[in-house]
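**Student:** Quick check, what structure comes out for this input:
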Amino acid sequence: MKLTIVSALVASASAWTVPSVEVPAGVKAAFAGAAVTAGVAVAPAFAGDVGAGEQIFNANCAACHAGGQNVIMPEKTLEKDALEQYLAGGRNEKAIITQVTNGKNAMPAFGGRLSDEDIANVASYVIASSEAGWD
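**Tutor:** Below you'll find the predicted structure:
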């Protein structure tokens with residue numbers, strides 16, 4: 001019940017524009033630790049729109065990465081473990097954005113073809129799909 005009320009308050013409060021305040025890393029860590037201790041799930045924040053990312057992925061990436069696979073280098077899939085192992089910077093949106101923007105080895109750079117927003121959406125889709133398991 002309390003979580004529902006807090007969620008509603010946060011959602012309604014986010015509609016108002018307020019000045020940006022930088023929260024110190026120690027405070028963030030303390031709140032995250034308190035949330036875990038209290039048994040509240042702390043989900044990662046996604047920068048982009050997963051649904052839009054899926055559409056962009058299907059139009060631009062699926063030729064080589066359908067179903068999270070990799071037709072050029074089969075061991076370097078978009079599966080959770082492979083992203084953690086092979087992606088420079090590990091499995092996170094920032095690392096995916098960097099790779100999609102700049103390309104690497106046989107993968108072309110999409111920085112000149114897709115907008116920053118499109119690339120962020122693709123990164124969100126890849127992270128979400130690797131977490132849930134590719135179809």
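**Student:** Could you check how far residue 122 is from residue 55?
**Tutor:** Distance, residue 122 to residue 55, using CB to CB, to the nearest Å: 10 Å. The C-beta positions use only the backbone N, C-alpha and C, and glycine is treated the same way.
**Student:** What of residue 73?
**Tutor:** Applying CB to CB to residue 73 and residue 55 gives a distance of 25 Å.
**Student:** same check, this time on residue 86
**Tutor:** Distance from residue 86 to residue 55, by CB to CB: 25 Å.
**Student:** Looking at the two, which one has more neighbours?
**Tutor:** Using other CB atoms under 10 Å as the criterion, residue 86 and residue 55 rank with residue 86 on top: 17 against 14.
**Student:** Contact partners for the more buried one?
**Tutor:** In this structure, residue 86 makes contact with 75, 76, judged by CB atoms under 8 Å, 6 or more residues apart in numbering.
**Student:** same thing with the one 5 residues further on?
**Tutor:** Residue 91 makes contact with 80, 83, 84, 127, 130, according to CB under 8 Å, 6+ apart.
**Student:** Scan the residues you listed and report the most crowded one.
**Tutor:** residue 127 (24 neighbours).
**Student:** what does the biggest helix by length in the chain contact?
**Tutor:** Scanning the chain for the helix with the most residues, using DSSP state H, yields helix 116-132. Under the contact criterion CB under 8 Å, 6+ apart, helix 116-132 has outside partners 44, 46-50, 52-54, 56-57, 60-61, 68, 78-80, 83, 91-94, 96-97, 100-101, 110-111, 114.
**Student:** Just the buried ones from the residues you listed, in PyMOL syntax?
**Tutor:** Selection of buried members from these for PyMOL, criterion 16 or more other CB atoms under 10 Å:
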select buried, resi 46+48+49+50+52+53+54+56+57+60+61+68+78+79+80+83+91+93+96+97+100+101+110+114
